[in-house]
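Engineer: Build me a model from this:
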Amino acid sequence: MSEPAAQVSDIYKLGDMFAINIDFQRQEYRVCWRGDWRDVPDLASFSPAPSNEVDELWTKSHAGESPAGDGDEEQFSVCKLAGNDRQRLFVVDEFETLRDLGARGAPVVRVHPEPLVDGEGVFGFRMGKLTAIGPDTVIDKGELVRCLEQIHNRGVVHNDFHSSNIMLNSGGQLIVIDFGRSGCVGSNIPMDKRPPWSRAEAYSFEADRISLEKFFSYSRPG
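Structural biologist: Predicted structure coming up:
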């Protein structure tokens, strides 16, 4: 039996409705209702159907192994693929951001210069294989601060900075991944790219810095 939906945000206004973000089967959705803001819908009966006034907010694309083959495929052996039309838009944005940051030497995962394309357009991209950071891995805070500064120096706000989005490359260097929610500093954050814990309307470096401090506030070795 699957776990029930869980509320992951405060109540907020969305046009003439009220809304909350919820987690259901590891995907985030927005649930909207009209009337009294205190009349939150019963999440026990939640199902992602249009009749429930549910708007899918964020569905993470998935990564998979690329088949072995030529040198490029060995160097870029992981594929990130979109699962639906909305994810295609996010994947295109992320690919362009990573390609640009990588070309300018920022500490991000390297991607193949050409995206994966089908008859409907871009549906994914290939990237280098990285190593996950374990809970006991010693991380130099200064190095992580410098990683973030290099990204910010290119005008990019990550907007989803946490432990799962930091990995190691083959040389043991810290690398930042998952730029699906990122954007240019000062620009408006689209509703479907806003983290459920944030009410910020514009991209700011400060949001990333606060997330970085939280990363080291949980007695992490380093």
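Engineer: Now name the helix or strand holding the residue sitting nearest the centre point of the chain.
Structural biologist: Among the residues of the chain, the one closest to the centroid is G180, at 4.2 Å (Cα atoms, centre = their mean). Assigned by DSSP states H and E, G180 belongs to no helix or strand.
Engineer: Report the separation between it and D192.
Structural biologist: According to Cβ to Cβ, to the nearest Å, G180 stands 10 Å off from D192. All C-beta spots, glycine's among them, are computed from the backbone N, C-alpha and C.
Engineer: before we move on, what about G171?
Structural biologist: Distance, G171 to D192, by Cβ to Cβ: 35 Å.
Engineer: Please apply the same query to R154.
Structural biologist: In this view, R154 and D192 are 23 Å apart by Cβ to Cβ.
Engineer: Spell out the residue ranges of the helices in this protein.
Structural biologist: Per DSSP state H, the chain carries helices over the ranges 71-75, 85-103, 141-152, 205-215.
Engineer: Please dump the ones you listed into TSV; it should also carry mean pLDDT for every row.
Structural biologist: Output for the helices of the chain, formatted as TSV (pLDDT from 0 to 100):
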stretch	mean pLDDT
helix 71-75	57
helix 85-103	92
helix 141-152	94
helix 205-215	90
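Engineer: And the strands in the chain?
Structural biologist: Under the criterion DSSP state E, the chain contains strands at 6-7, 12-14, 17-24, 27-33, 54-58, 62-65, 78-81, 116-118, 121-127, 131-132, 156-157, 166-168, 174-176, 183-184.
Engineer: Mean pLDDT lowest where, among those strands?
Structural biologist: The weakest mean pLDDT among these belongs to strand 54-58, with a mean of 39.
Engineer: what number of residues lie near E96?
Structural biologist: Using other Cβ atoms under 10 Å, the number of residues around E96 comes to 15.
Engineer: try the one 5 residues further on
Structural biologist: The burial metric for L101, expressed as a neighbour count using other Cβ under 10 Å, is 22.
Engineer: What sits closest to it if chain neighbours are left out?
Structural biologist: Nearest residue to L101, sequence neighbours excluded (Cβ to Cβ, 6 or more residues apart in numbering): V108, at 4.7 Å.
Engineer: E3 now?
Structural biologist: In space, E3 is closest to Q25, 7.5 Å off (Cβ to Cβ, 6+ apart).
Engineer: swap in P113?
Structural biologist: Nearest non-adjacent residue to P113, counting by Cβ to Cβ, 6+ apart: R99, 6.6 Å away.
Engineer: Export stretch 173-188 to CSV, keeping only CA atoms.
Structural biologist: Provided in CSV are the C-alpha atoms of stretch 173-188 (Å, rounded to 0.1, in the frame of the first residue of the first chain):
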residue,chain,number,x,y,z
GLN,A,173,36.7,17.4,-6.9
LEU,A,174,33.4,18.6,-5.7
ILE,A,175,30.8,19.0,-8.4
VAL,A,176,27.3,20.6,-8.3
ILE,A,177,24.5,18.8,-10.2
ASP,A,178,20.8,19.1,-10.9
PHE,A,179,20.2,22.6,-12.2
GLY,A,180,16.6,21.9,-13.1
ARG,A,181,15.3,24.8,-10.8
SER,A,182,18.2,27.2,-11.6
GLY,A,183,17.9,30.6,-13.3
CYS,A,184,19.6,34.0,-13.8
VAL,A,185,20.0,36.1,-10.7
GLY,A,186,17.3,38.8,-10.5
SER,A,187,14.9,37.1,-12.9
ASN,A,188,11.5,35.9,-11.7
